[in-house]
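Visitor: Pasting a predicted model and its sequence here:
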Amino acid sequence: MKTTLEEQQAFITVVDSGSITGAAERLGITVSGVSRALNRLERKLGATLLRRTTRRLELTEEGETFLDHCRRILTAVEAAEESVQDHHGQPQGRLRVNAAPSFMQFVIVPVLGEFRARYPGITLQLDTHDRFVDLLEQRVDLAIRIGELNDSSLHARRLGHSPLRLLASPAYLEHTGTPQSIEDLEHHSLLGFSQLDHLNRWPLRRADGEYLRITPTLSASSGSTLIELALQGEGIVCLADFMTIKPRKAGTLVDVLPSHTEIQMQAVNAVYYRQATLSQRARLFMDFLAERLPGEYLQG
């Protein structure tokens, strides 16, 4: 017997949500309905896809193989449905976009109104994570990645670059003094990341030629929090320009050691799974960002 798309969708959702109860909530059906769909699927395939324990669900080897095929099938079905809908006028449907919280807050959200006015039929679902997520597992159509890409399974389109700079509030510098050399930073409060340690390497060269890697005096997991800490006069921070456009224009954050700071650009890319069919919705959003962001938010 052939499996159905509904059964495959139930299987994928159980895996992604981590439980049958969570899948039922996502799909808007009963727990027993999800259980029956899984049982039918395994009966038709003659294989166990999930090992069920009291604490968790675990994919079998057959389940991992079948999951990959199911994701591809449902992605292809969505693309086919979309291609038919597109013949009837404006593009429609859901577009799932993932980005770092700071990029979503300071770059995507401010321009979102323009995109929605241009394409009112597209329903956006915005997800944020500080760490890179599995696009297939999270069913993300398009993600924005900052920094160098190491995943060969992803297609990437460069949207621009954002330089790094050291900043502090005028009140902090008035109170503690403005550092004149890299060595002076030893006597200052340095604001850094608690989880993304590679971002604590600042674009400053020490006397031995190595980049300065700071040990934060005060750390936070998000760039948004670090901005607020800097604005409150808690110390010196190093962040990408796209995050600090407004406070720099307002003069509430000012450059620190600009003559010592090396020009370092963080690449910003729109990425999608290499083997997935790029939907028209994702392509339109990617084109919009490539058109809208350079100049105001990013450098070319």
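Guide: Noted; the coordinates are in hand.
Visitor: Would you map the strands across this structure?
Guide: Ranges of strands in the chain, per DSSP state E, are 50-52, 57-59, 93-99, 122-128, 142-146, 154-168, 190-193, 201-205, 211-213, 218-220, 236-240, 254-255, 265-273.
Visitor: Can you tell me which of those strands is most buried?
Guide: strand 236-240 (a mean of 25; mean count of other CB atoms under 10 Å). The C-beta positions use only the backbone N, C-alpha and C, and glycine is treated the same way.
Visitor: Now tabulate the strands of the chain in CSV and tack on mean pLDDT.
Guide: What follows is the strands of the chain, written out as CSV (pLDDT from 0 to 100):
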stretch, mean pLDDT
strand 50-52, 87
strand 57-59, 88
strand 93-99, 90
strand 122-128, 92
strand 142-146, 90
strand 154-168, 93
strand 190-193, 97
strand 201-205, 96
strand 211-213, 95
strand 218-220, 96
strand 236-240, 97
strand 254-255, 98
strand 265-273, 89
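Visitor: who are the neighbours in contact with the residue lying closest to Ser162 once chain neighbours are set aside?
Guide: In space, and not counting its chain neighbours, Ser162 is closest to Ala240: 4.2 Å by CB to CB, 6 or more residues apart in numbering. Residues in contact with Ala240, defined by CB atoms under 8 Å, 6 or more residues apart in numbering, are 146, 162-164, 223, 266.
Visitor: Pull the most distant pair out of these.
Guide: Pairwise distances across the contacts of Ala240 (CB to CB) peak at 14.6 Å, for the pair Pro163 and Gly223.
Visitor: Next, find the distance separating Ile144 from Arg157.
Guide: Distance, Ile144 to Arg157, by CB to CB, to the nearest Å: 10 Å.
Visitor: and for those two, which residues touch both?
Guide: 269-271.
Visitor: Out of these, which is nearest to Glu6?
Guide: Comparing these against Glu6 with CB to CB places Val271 closest, at 29.9 Å.
Visitor: Can you verify my assumption that the closest one contacts Leu154?
Guide: Yes: Val271 lies in contact with Leu154 (CB atoms under 8 Å); the separation is 4.4 Å.
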